[in-house]
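Peer 1: A predicted structure for the sequence below; I have some questions about it.
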Number of protein chains: 2
Amino acid sequence: MAEPDLEVLAELAVSRQFSRQAAIFWERKEAQGFYLLVTGLVKLVKSSPDGKEYIIRLVQPGETFGEAVVFAESPYPATAIALEDCQTLFFPGKAFLQYLAASPALARNMLATLSRLLYHLTKQLEDVSLKEVSARLARYLLERCTETHGRVAPGLAFELPTTKTHLAAYLGTISETLSRTLARFKSLGAIEVEKGKITINDPQLLQNMAQGSKS
Amino acid sequence: MAEPDLEVLAELAVSRQFSRQAAIFWERKEAQGFYLLVTGLVKLVKSSPDGKEYIIRLVQPGETFGEAVVFAESPYPATAIALEDCQTLFFPGKAFLQYLAASPALARNMLATLSRLLYHLTKQLEDVSLKEVSARLARYLLERCTETHGRVAPGLAFELPTTKTHLAAYLGTISETLSRTLARFKSLGAIEVEKGKITINDPQLLQNMAQGSKS
DNA sequence: CGGCCTGTTGATGCGACTCAATTCAGGTGG
DNA sequence: CCACCTGAATTGAGTCGCATCAACAGGCCG
């Protein structure tokens, strides 16, 4: 979203703060606009009646969330919760739509953003439904590594964005299973684990496991 | 997509036919445009190396597919296969984008379409990751019923869009499990099953099961 | 120190996938 | 018109992944 439109958008935007654990919006609540995360960390979750939750997406600074609803005029499909103290910019739906009509470039940008999200969700759906936990974890590790370093190579290390419990929910599993799987990876010599930091040892092995399918 | 733009779009579009079982595009293939399904039935699938597949979406006549890639300029995220003989309109990406820049209304429409897709995928992701098969099936049956009749009530019947094997892949399971689950629903008195046709008997029971979470 | 949260590890059980056998319907060709 | 084949659907038995339950260790903070 690096645009000449930035000035106008800046006028639309409303700064909003949220403290750790605060809910930014709730699933099924009528949507009034979307957010741009400036600092902090946000999780978008679906939660089931019995308290279990699945993390659709972890939102990093610079990313937007809740965009989709502005165009579909539907309620928010998930709940957004601040995992750390957060600075956000809120864009009211109506005003944004009005301005959008005047700026093809911005529209184009939003389309691209949504498309990337779709792409991402599609991949997650594939993973969850036809890969086992170890494959999902392996792919995640490789992804994080390329995100941080631009490539994957033995010896490269990176931080996990949040607690392992959250990561587990993101991978569609639970902390116990994640813990065991990480331990297995370690014993296979694929990675080193220490205190929220992961070091890649054997990228090839991870690649293989990421391919792995159920059974 | 009921638009004054229709005329112009009609000029862009190229008619394309596909016969049963034909692939319309392949996952990872560079995208050149998107399709509007006129008649027939299309499945969008992800397939794993060992031959198992997950159906992201069943495309019905009147719907578009492959739109996302036009804006993200990424390769197709899934494979599209004609389940029946199909009539489609193909919209070349570049020409479409050009025209899009001139029509805010069209852009707005595409945004809405993508948003609905996102919403749908989010729901599927939720279902697959934290609901069990019976809950997914129950929700699907209720959905189909409201789609066909606008409401859910005892005695209402509807056709399954395709084979049970495909439905199973769509629900993130396999035909055997689907078969057993349908049999259980029937023995519980929730539905009647005969030859690709389902009759709802006990909507409330289905609602309850659709809520059900894993264990 | 004593609570609380996160993470680890073990034992157990259940859901659902796998494999295999059988039935059934539809389509084809002799 | 029937024998044949193919693909779908059903049913049973066996197995496995992973969620659950439970106990416990370490770190952080009031």
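Peer 2: That came in fine, so what should we check first?
Peer 1: please enumerate the helices of chain A.
Peer 2: In chain A, the segments counted as helices under DSSP state H are A:6-12, A:67-72, A:93-102, A:104-130, A:133-149, A:164-170, A:175-187, A:203-211.
Peer 1: least trustworthy helix or strand in chain A by mean pLDDT?
Peer 2: Sorting the helices and strands of chain A by mean pLDDT, DSSP states H and E puts helix A:6-12 at the bottom, at a mean of 79.
Peer 1: and that one, what's buried?
Peer 2: Buried residues in helix A:6-12, counted by 16 or more other C-beta atoms under 10 Å in any protein chain shown: A:9, A:12. Every residue, glycine included, has its C-beta placed from N, CA and C.
Peer 1: which residues touch that helix?
Peer 2: Outside of helix A:6-12, the residues that reach it under the criterion C-beta atoms under 8 Å, 6 or more residues apart in numbering or on different chains are A:3, A:91, A:92, A:95, A:96, A:99, A:103, A:106.
Peer 1: from DNA strand D, how far out is the residue nearest to the third one when sequence neighbours are not counted?
Peer 2: It stands for residue A:92. By the measure of C-beta to C-beta, 6 or more residues apart in numbering or on different chains, the closest residue to residue A:92 outside its immediate chain neighbours is residue A:33, 4.4 Å from it. Residue A:33 sits at a distance of 34 Å from DNA strand D (criterion: C-beta to the nearest atom of the strand, to the nearest Å).
Peer 1: likewise residue A:71?
Peer 2: According to C-beta to the nearest atom of the strand, residue A:71 and DNA strand D sit 33 Å apart.
Peer 1: what's the closest non-adjacent residue to that residue?
Peer 2: With C-beta to C-beta, 6+ apart as the criterion, residue A:71 has its nearest non-adjacent residue at 3.9 Å, and that residue is residue B:111.
Peer 1: what is the neighbour count of the closest residue to DNA strand D within chain A?
Peer 2: Using C-beta to the nearest atom of the strand, residue A:132 is the residue of chain A that sits closest to DNA strand D, at 3.0 Å. Other residues lying near residue A:132 total 15 when counted by other C-beta atoms under 10 Å in any protein chain shown.
Peer 1: backbone phi and psi for it, please?
Peer 2: As for residue A:132, its main-chain torsions (degrees, to the nearest 10) stand at phi -90, psi 170.
Peer 1: surely it is in contact with residue A:212?
Peer 2: Yes: counting by C-beta atoms under 8 Å, residue A:132 touches residue A:212, with 6.7 Å between them.
Peer 1: so who does the nearest residue to residue A:177 once chain neighbours are set aside touch?
Peer 2: With sequence-adjacent residues excluded and distances taken as C-beta to C-beta, 6+ apart, residue A:177 is closest to residue A:133, at 5.8 Å. Residues counted as contacts of residue A:133 (C-beta under 8 Å, 6+ apart) are A:171, A:172, A:173, A:177, A:178, A:181.
Peer 1: which parts of chain A sit against DNA strand D?
Peer 2: Selection of chain A residues close to DNA strand D by C-beta under 7 Å from any atom of the strand yields A:52, A:132, A:133, A:134, A:172, A:173, A:174, A:176, A:177, A:215.
Peer 1: give me the distance between the first one and residue B:210.
Peer 2: When distances are taken as C-beta to C-beta, to the nearest Å, residue A:52 and residue B:210 turn out to be 16 Å apart.
Peer 1: who's more crowded, these two?
Peer 2: residue B:210 (19 against 15).
Peer 1: so chain A: which segments form each domain?
Peer 2: Domain assignment of chain A by automatic domain parsing yields the ranges A:6-129, A:132-211.
Peer 1: need the winner for burial among those domains.
Peer 2: Comparing the domains of chain A by mean neighbour count (mean count of other C-beta atoms under 10 Å in any protein chain shown), domain A:6-129 ranks first with a mean of 18.
Peer 1: near DNA strand C at all, that one?
Peer 2: No: no part of domain A:6-129 sits close enough to DNA strand C to count as contact by C-beta under 7 Å from any atom of the strand; the gap is at least 8.0 Å.
Peer 1: and the end-to-end length of that domain?
Peer 2: Looking at domain A:6-129, the gap from its leading to its trailing residue is 40 Å under the measure C-alpha to C-alpha, to the nearest Å.
Peer 1: return the distance of stretch A:179-194 from the chain's centre.
Peer 2: A distance of 23 Å separates the centroid of the chain from that of stretch A:179-194, by C-alpha atoms, centre = their mean, to the nearest Å.
Peer 1: what about chain A, any weak spots by pLDDT?
Peer 2: Where chain A drops to pLDDT under 70, the residues are A:1-5, A:213-215.
Peer 1: is it true that residue A:115 touches residue B:75?
Peer 2: No: taking contacts as C-beta under 8 Å, residue A:115 lies outside contact range of residue B:75: 11.9 Å.
Peer 1: what does stretch A:13-26 contact?
Peer 2: For stretch A:13-26, the external contacting residues (C-beta under 8 Å, 6+ apart) are A:31, A:35-36, A:40, A:42, A:66, A:76, A:79-92.
Peer 1: which ones among these lie within strands?
Peer 2: Among those, the residues falling in strands (DSSP state E) are A:35-36, A:42, A:79-82, A:86-92.
Peer 1: tell me the two of these that are most distant?
Peer 2: A:81 and A:92 (21.3 Å; C-beta to C-beta).
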